[in-house]
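K.L.:
Next come a sequence and a model predicted from it.
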Amino acid sequence: MIHRIACDQVRLGMYVHKLGGSWFAHPFWRNRRLLDTAEEVEAVRASGLPYVEIDDERGLAPERIASAASRPERTTPPAPIWSGPRSKTAPDTLRAAERKRAVDLVDRSRRVMKRVFESARLGRAIRMAEVAHVVEEVTAAVTRNAQTLLGVIRLKSKDEYTYYHSVAVCTLMVNCGRHLGLPDAEVEQLGFAGLLHDIGKMGIPESILNKAGSLTDEEFDLVRGHPAHGHGLLVDAGDMPDMALDVCLHHHEKVDGSGYPFGLSADRLSLAARLGAICDVYDALTSDRIYKAGWPPVEAVAAMWSWDGHFDRVLLFRFMQSIGVFPTGMLVTLRSNRLGLVLENSRRASRPRVCAFYDTRANAFLPPETVTLRDDLSGDQIVAPELPERWGFRDWDAMAERLAKGENLNA
Ligand SMILES: [Fe+2]
């Protein structure tokens, strides 16, 4: 639901749907955004704009709605935070049919990408119409049932990894682009970028790509050359979306400037390039390879969250929201204005569970409540990561242990 409130009522964790007044006075270049730093909140408060519209489906709800009459009608449906299977009670046959559809799509797309990559290796033109068709089909499948497609791409075969990986990164980028509320044209470009980001690997022998041990200096130089090589291929293809060129060249950069090929830091990397780096690594970590078993998704996001300076952490959190996977033990804010601890997922549970234990408006502990996050927008949602120190939780590890056992910290 959209709420219209005064600028001085905005709080950390709210999602700005629209800023009122002249755009000349707007503090951000893009209207829609999650307010996840104190500076952003301050920028809105100090803007002097007449009002701000807050979307409570993507962030914290305002404490009170000014008036029902001031509530504008939503013109487009929101992108789901985590769009999974539509109904718990959906017949097994429907689920099986949807899964079969996703398996067929991934297999079809893998074959297209194999043709595209082999054409590139032979110096032939990239057939853009074929690539565009894959993007279109993946986008339609993500819109229909993202969780099924995300599940299928994770269980892909070890063989022909590069082609499956292209389809997987395409899916993850389209899914996250929709979650971020980007326009359709940008989501489509992200899809192209995901499919083609590693096309430069066509210049690297399989024996090096699949090598289990560490690479020699010469081999490493060859690997480090694949972004520029791929970029060259895409430029030659002509008529390539800008994001595909950008992500191909920059998906191995890191926000602290320690990546390759240029060592660019966050301020010189586009959102598409930063998202490309996240989707690329997440899929690589969770995939079975000839030389290693894939990591469980929870372990992959936990590791990525712990790697300082590698990823844009704000974007990484939005990525986690888009796939519905969060590191166990993370302190988070919920849409219901509560703090929660992300609980370990049991093997059978496909949805994240959170122990809600603190009221952020009353600044008080609550009896712990285990919340299973739903795959639609009707229930509670994780809206932001939190620092335990900010709430005065000195020994967060010990607290988390007690909460995970179901202890009432209010008692
Ligand atoms: Fe790469």
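P.N.:
The structure has been received and is ready for your questions. Numbers count the residues shown, from 1 in each chain.

K.L.:
Could you report the neighbour count for Ala146?
P.N.:
Ala146: 27 surrounding residues under other CB atoms under 10 Å. For the C-beta atoms, the positions are set from N, CA and C on the backbone; glycine is no exception.

K.L.:
That one: helix or strand, and which one exactly?
P.N.:
Assigned by DSSP states H and E, Ala146 belongs to helix 128-154.

K.L.:
Next one: the most centrally placed residue in the chain from Met243, what distance?
P.N.:
When the chain is reduced to its mean C-alpha position, the closest residue under CA atoms, centre = their mean turns out to be Phe319, at 1.7 Å. Phe319 is 16 Å from Met243, where distance means CB to CB, to the nearest Å.

K.L.:
rewinding a little: ok, and for the helix holding Ala146, which residues are buried?
P.N.:
Judged by neighbour count using 16 or more other CB atoms under 10 Å, the buried positions of helix 128-154 are 131, 134-135, 137-139, 141-142, 145-150, 152-154.

K.L.:
residue boundaries of the strands in the stretch 1-150 of the chain?
P.N.:
Using DSSP state E, counting those that start in this stretch, the strands found in the stretch 1-150 of the chain span residues 2-5, 15-19, 33-34, 52-55.

K.L.:
Of all those, which one comes closest to Val325?
P.N.:
strand 33-34 (18.1 Å; CB to CB).

K.L.:
Leu34 and Trp391: what is the separation?
P.N.:
Relative to Trp391, Leu34 is positioned 19 Å away (CB to CB).

K.L.:
With neighbour numbers in mind, choose between these two.
P.N.:
Leu34 (23 against 14).

K.L.:
OK, contacts around that one?
P.N.:
By CB atoms under 8 Å, 6 or more residues apart in numbering, the residues touching Leu34 are 13-16, 58-59, 318, 383-384.

K.L.:
separation between it and Arg144?
P.N.:
25 Å.

K.L.:
Now do the buried residues in the helix or strand hosting Glu186.
P.N.:
Assigned by DSSP H and E, Glu186 falls within helix 184-196. Buried residues in helix 184-196, counted by 16+ other CB under 10 Å: 187-196.

K.L.:
Next: stretch 43-61.
P.N.:
Neighbour-count burial for stretch 43-61 flags 43-45, 47, 49, 51-61 (criterion: 16+ other CB under 10 Å).

K.L.:
chain center to it, what's the gap?
P.N.:
Averaged C-alpha coordinates place stretch 43-61 at 23 Å from its chain's average position (CA atoms, centre = their mean, to the nearest Å).

K.L.:
Can you tell me the element Glu369 falls in?
P.N.:
Going by DSSP H and E, Glu369 is part of strand 364-372.

K.L.:
Would you mark the buried spots in that strand?
P.N.:
Neighbour count says strand 364-372 has 368, 371 buried, by 16+ other CB under 10 Å.

K.L.:
so what strands line up beside it?
P.N.:
Paired neighbours of strand 364-372 in the sheet (DSSP bridges): strand 353-359 (antiparallel).

K.L.:
domains of this structure?
P.N.:
As given by automatic domain parsing, the domain ranges for the chain are 2-70, 92-323, 331-404.

K.L.:
most tightly surrounded among those domains?
P.N.:
Between the domains of the chain, domain 92-323 has the highest mean count of neighbours, a mean of 19, where neighbours are mean count of other CB atoms under 10 Å.

K.L.:
Check whether Gly59 really touches His17, as I assumed.
P.N.:
No: in this structure Gly59 lies outside contact range of His17 using CB atoms under 8 Å: 9.2 Å.

K.L.:
circling back: surely the residue nearest to the centre of the chain forms part of a helix?
P.N.:
Yes: membership of Phe319 in a helix is supported by DSSP: H, G, I helix; E, B strand; the rest coil.

K.L.:
Wait, it touches Cys279, no?
P.N.:
Yes: assessed by CB under 8 Å, Phe319 is found in contact with Cys279 at 7.3 Å.

K.L.:
overlap in contacts of the two?
P.N.:
Listed as contacting both Phe319 and Cys279 by CB under 8 Å, 6+ apart are 172, 176.

K.L.:
now Ala125, nearest residue through space, not along the chain?
P.N.:
Ala237 (6.3 Å; CB to CB, 6 or more residues apart in numbering).

K.L.:
any idea of the pLDDT on that neighbour?
P.N.:
With respect to pLDDT, Ala237 has a value of 84.

K.L.:
Quick check: phi and psi at it.
P.N.:
The phi and psi values for Ala237, taken as degrees, to the nearest 10, are phi -60, psi -30.

K.L.:
gap between it and Asp92?
P.N.:
For Ala237, the distance to Asp92 - CB to CB - is 44 Å.

K.L.:
And Met243, by the same measure?
P.N.:
For Met243, the distance to Asp92 - CB to CB - is 39 Å.

K.L.:
Asn210: what's it in contact with?
P.N.:
Applying CB under 8 Å, 6+ apart to Asn210 gives the contacts 161, 289-291.

K.L.:
residue ranges of the helices in this protein, please?
P.N.:
Ranges of helices within the chain are 38-45, 92-121, 128-154, 161-179, 184-196, 206-209, 217-224, 226-237, 242-250, 271-286, 297-306, 313-323, 396-404, based on DSSP state H.

K.L.:
do you know which of those helices lies nearest Arg4?
P.N.:
Arg4 lies closest, by CB to CB, to one member of the helices of the chain: helix 38-45, at 13.5 Å.

K.L.:
Could you pull up the mean pLDDT of that closest one?
P.N.:
Helix 38-45 shows an average pLDDT of 72 in the prediction.

K.L.:
quick one on the thing from earlier: among the contacts of Asn210, find me the one that's closest to Pro297.
P.N.:
Relative to Pro297, and with distances defined as CB to CB, the nearest of the contacts of Asn210 is Arg289, at 16.0 Å.
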